[in-house]
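>>> Below are the sequence and a predicted model; questions follow.
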Amino acid sequence: FAGELADRHRKRTVLLITQSSFVLPPLALFALTATGQSQYWEIILAAVATGTINALDVPCRQAFQVEMVGKQDLLNAIALNSSVFNASAVIGPSIAGVLIALVGVPICFLINSVSYLAAIAALLLMRNLPAQTRHRDEEPLRARLARGAAYARDEPVVGMLLIVVAVFSLFAMNRTTLMPLFADQVLHVGAHGFGFLLASMGLGSLTGALTLAFFPHLGANPRRQLWMAGIWIAALLEFSASRIFAISLVTLFVAGYCQISFIAAANSRIQSLTPDHLRGRVMALYAEALIGVGPLGATQAGALATLFGAPWALAIGAVLAGAVVLAVRLLRPEVFGQPRKTSSTEATASAGTSQRSART
């Protein structure tokens with residue numbers, strides 16, 4: 001549904017609504033915590049509200065990138081966005097910890113709420129955006145929603161990349177679930193070591209994002225993307241087997257680098273192949289594959305860790321993800337083969353033109 005909104009309405013307008021809505025949940029939490037009236041159910045309600053807004057925001061925000069910079073610089077934009085996100089993931093918790101110690105939790109909620117004003121101002125200041133193409137389809141909503149899924153099914157590269165991203169999200173991106181167990185029960189480094197583990201992976205992701213930002217041709221190479229997937233899996237397996245803290249930090253750095261390199265390349269390739277009028281709906285599927293599968297991944301990782309321990313849980317997930325990548329490489333070699341010069345839509349149009357020329 002969020003993808004349909006992005007395809008039928010001006011994306012900047014949708015984003016202005018979602019970013020303005022993001023102001024409210026943390027502002028409410030600020031008021032509740034500042035007055036000492038916060039209760040558990042209110043925190044859950046704020047989390048649900050934030051998640052609902054995010055479900056509407058993410059597909060539109062992803063599809064909006066190509067309107068801001070064009071397909072030529074799309075990978076740069078995705079990489080820079082990822083670098084900002086990962087830099088925030090490394091720096092943000094440290095700043096929050098200092099602020100909580102100095103001024104308390106309520107001020108953190110207030111700062112979070114006010115921070116969205118910067119995004120709103122940036123959206124309002126944007127100029128020279130491409131004109132919105134109006135598609136007045138008379139199809140029912142269900143049929144319009146199905147068109148995005150049908151395109152992903154019929155375009156093998158897009159469909160397979162969505163599957164691989166979902167599999168990695170399910171089995172190989174459960175750091176918040178497993179990392180505390182590694183820090184406490186496997187490496188025995190405590191809370192400080194846990195922070196270093198997360199920082200190492202975040203720094204690797206930041207380095208990978210900046211590499212793609214400065215060298216975008218690397219991300220456009222499907223064979224490099226396959227290598228990044230393989231090295232990512234190998235790094236996770238090495239981390240699961242490591243009992244030496246320094247080696248674990250290095251392997252997490254490598255895993256973070258490869259993770260962001262693979263995900264950013266998948267994002268760019270999917271958006272480049274998808275027609276403009278379907279991009280919102282396809283990016284909604286991408287958001288579901290990358291983010292929506294996460295809770296299921298955390299559940300299975302927690303269950304496996306309970307049964308077999310954190311190292312086995314991570315190793316099993318990495319092997320399953322690697323098996324899917326290998327199957328895609330063998331069954332659909334074009335996914336990680338030579339870059340395609342035309343999308344399926346362009347190829348269809350070209351074929352139609354050739355047939356008309358032949359008849360005339």
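Arrived safely, thanks for sending.

>>> Spatially, what comes nearest to residue 34 if we skip its sequence neighbours?
Excluding the flanking residues, the one nearest residue 34 by C-beta to C-beta, 6 or more residues apart in numbering is residue 106, at 4.1 Å. C-beta: built from backbone N, CA, C; applies to glycine.

>>> May I have the residues that are in contact with that neighbour?
30, 33, 34 (C-beta atoms under 8 Å, 6 or more residues apart in numbering).

>>> between those residues, which is closest to residue 87?
Nearest to residue 87 among the contacts of residue 106, counting by C-beta to C-beta, is residue 30 at 24.7 Å.

>>> what about the closest one, which helix or strand?
Element membership for residue 30, per DSSP states H and E: helix 24-34.

>>> C-terminal to that helix, which secondary structure element comes first?
helix 40-69.

>>> I'd like to know how far residue 228 sits from residue 253.
In this view, residue 228 and residue 253 are 14 Å apart by C-beta to C-beta, to the nearest Å.

>>> of these two, who's got more company?
The residue with more neighbours, out of residue 228 and residue 253, is residue 228; 24 against 20, by other C-beta atoms under 10 Å.

>>> Tell me which residues touch the more buried one, please.
Taking C-beta under 8 Å, 6+ apart, one finds 258, 261, 262, 265 in contact with residue 228.

>>> if we can go back for a sec, just the buried positions in the helix or strand harbouring the residue nearest to residue 34, please.
Assigned by DSSP H and E, residue 106 falls within helix 105-125. By neighbour count on 16 or more other C-beta atoms under 10 Å, the buried set for helix 105-125 is 106, 108, 109, 110, 112, 113, 116, 119, 123.

>>> Now do it and helix 40-69, the angle between them.
Here helix 105-125 runs at an angle of 30 degrees relative to helix 40-69 (axes from the mean of the first three to the mean of the last three C-alpha atoms, to 10 degrees).

>>> mean confidence score for helix 105-125?
Helix 105-125 shows a mean pLDDT of 87.

>>> Which residues are in contact with the closest residue to residue 236 other than its chain neighbours?
Take residue 236 and drop its neighbours on the chain: the residue closest to it by C-beta to C-beta, 6+ apart is residue 318, 4.0 Å away. For residue 318, the contact set (C-beta under 8 Å, 6+ apart) comprises 171, 172, 233, 236, 237, 240.

>>> Among the residues you listed, which one sits closest to residue 127?
Closest approach to residue 127 among the contacts of residue 318 (C-beta to C-beta): residue 172, at 40.6 Å.

>>> how far away is the residue most central in space within the chain from residue 250?
By C-alpha atoms, centre = their mean, the chain has its centre lying nearest to residue 290, at 5.1 Å. Per C-beta to C-beta, residue 290 is found 26 Å from residue 250.

>>> All set, thanks.
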